[in-house]
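> here's a sequence, model it:
(one chain, ligands or ions: 1)
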Amino acid sequence: MKKAIITFLILTLAIFAGNNRIQADYETELTIAVGEVGAEYDTVVAAAEQYMAENPEIYIEVIDSPAESGERLSYFLTHFERESPEVDIYQIDVIWPGILEEHLVDLYDYGAEEHLEGHFDFIIDNNTTPEGELIAMPWFIDAGMLYYRVDLLEKYELDVPETWSELEEKARIIMEGERENNPDFEGFVWQGAPYEGLTTNVLEWFTSNDGGNFVSKDREVTVLNDNNLYMLEKVIGWMGDITPLAVTGFIEEDSRAVWHEGNAAFMRNWPYAYGMTEESEAIEDFGVTRIPAGPEGKSSSALGGWHLGVSQYSENPEEAAEFAFFLASAEIQKMRAIQASLPPTIEELYGDEEILAENPLFEEFLHIFETAVPRPSAQTAPYYEAVSEAIFSGIHLALTGERDALTALENLEIELEEILQ
Ligand code: GLC
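Here you go, the predicted model:
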């Protein structure tokens, strides 16, 4: 909380400092609030510099926002609730359209139509309100993936795991071997802090064992079943074994830190970690593959990703929309795919040789991006935040041993039913 307040103060100061400097020198100043996970922030600064060079009448202030999705939403809501014009463009999580639609302009009013060609329909649909307004430009896709150490699989003569049980077994073999020289070595790291990222991990455990996606399209709660019980018990069994107990406090960058130091055999994370891992000096060789399958199901990745919305309270919505179109263009998506391994929302770019040379995984993963499973944000709007909080808090209690798996699922089923009544 303290961190959130400090971040808020720093950002507010940054915005005021920007305003004073800019108003004198430029016709229009735009402020964009984006994420800072991996290399994403630097790519926006580079794109803004390019845009300013091409459009000298515009000045763009790029500000960062909290790394954790829920904290970022709270921070953005403090702006929206005051109808603040301080931020013009926001980086919007794929699950937020149902929560934020009233605060964002309809980009069709600013000419979005001609910029949408070639973008995946499923992302356009995700960002379109039931009334047909486009409230965010498609920007990048995320899907959960399994990172593995090629060098260590070879050392222990193991194949890439395809099921959760195989992952468990292989993680244990590698971990036991590596711990002889490295007591910090872990088998499998992922995101287990009580926050949005845990909801995506749980979604993958449950859907990969055919246990449903928490809430069906027709708003039926589907949490309490044997397939989910099997998976949750399995995961509880990893705690303090192949997975460190500290994972219950991990968000994306925490799990990547352990992995990056060469201290984990496997990691569940999003594509941004690919480019960052290539820079690790501790990792000789690594690969990525699909999320493992449960005994009753098949591999399933959670759909993530971030898009660009223009605030209703912006004083320059037209210029803001133009800059958002530029950021979402094939040129900038390509630059971000190469420099930050962020998967584009433009299908054609998956055949781009320069992108594939840098990120060979994109070719293999195109199908996974297209079939990734969305969280139930559309069918539970505008209550998705409460739905997700019930999921991650309830499951977190099971991970820390405060609730057994069955009780956790029973309580969650009831809580979700109450939220959706
Ligand atoms: C990634 C995903 C986003 C998700 C978040 C959870 O940033 O792109 O959709 O909500 O992780 O931590």
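> so what's the residue in the stretch 151-300 of the chain that the ligand sits nearest to closest to, chain neighbours aside?
Nearest residue of the stretch 151-300 of the chain to the ligand (CB to the nearest ligand atom) works out as Gly197 at 3.0 Å. Where you see a C-beta, it was placed from the backbone N, CA and C, and this is true even at glycine. The shortest distance from Gly197 to any non-neighbouring residue, by CB to CB, 6 or more residues apart in numbering, is to Gln191 (3.8 Å).
> contacts only, for that neighbour.
197-198, 200-201, 247, 250-252, 254-255, 268-269 (CB atoms under 8 Å, 6 or more residues apart in numbering).
> take those residues and write them to JSON lines, including neighbour count, pLDDT and secondary structure.
Below are the contacts of Gln191 laid out as JSON lines (neighbours: other CB atoms under 10 Å; pLDDT from 0 to 100; DSSP: H, G, I helix; E, B strand; the rest coil):
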{"residue": "Gly197", "neighbour count": "27", "pLDDT": "98", "secondary structure": "helix"}
{"residue": "Leu198", "neighbour count": "24", "pLDDT": "98", "secondary structure": "helix"}
{"residue": "Thr200", "neighbour count": "29", "pLDDT": "98", "secondary structure": "helix"}
{"residue": "Asn201", "neighbour count": "22", "pLDDT": "98", "secondary structure": "helix"}
{"residue": "Val247", "neighbour count": "23", "pLDDT": "98", "secondary structure": "helix"}
{"residue": "Phe250", "neighbour count": "23", "pLDDT": "98", "secondary structure": "coil"}
{"residue": "Ile251", "neighbour count": "19", "pLDDT": "98", "secondary structure": "coil"}
{"residue": "Glu252", "neighbour count": "24", "pLDDT": "98", "secondary structure": "helix"}
{"residue": "Asp254", "neighbour count": "17", "pLDDT": "98", "secondary structure": "helix"}
{"residue": "Ser255", "neighbour count": "29", "pLDDT": "98", "secondary structure": "helix"}
{"residue": "Arg268", "neighbour count": "26", "pLDDT": "98", "secondary structure": "strand"}
{"residue": "Asn269", "neighbour count": "25", "pLDDT": "98", "secondary structure": "strand"}
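> by mean pLDDT, flag the weakest helix or strand of this structure.
helix 2-25 (a mean of 48; mean pLDDT, DSSP states H and E).
> show the subsequent helix or strand relative to that one.
Counting by DSSP states H and E, the next helix or strand C-terminal to helix 2-25 is strand 28-34.
> beyond that following strand, next helix or strand please.
Heading C-terminal from strand 28-34 (DSSP H and E), you reach helix 40-54.
> same for that following helix, what does it pack against?
strand 28-34, strand 58-64, helix 317-327, helix 330-340 (3 or more CB pairs under 8 Å, 6 or more residues apart in numbering; DSSP states H and E).
> does the ligand have contacts with the helix or strand just after the second one?
In other words, strand 58-64. Next along the chain after strand 58-64, taking DSSP H and E as the criterion, comes helix 69-81. Yes. In terms of CB under 6 Å from any ligand atom, part of helix 69-81 sits within range of the ligand, namely Ser69.
> how big is the angle separating the helix or strand just after helix 69-81 from strand 58-64?
Heading C-terminal from helix 69-81, the first helix or strand you meet, by DSSP H and E, is strand 89-93. Strand 89-93 runs at 40 degrees relative to strand 58-64, counting by axes from the mean of the first three to the mean of the last three CA atoms, to 10 degrees.
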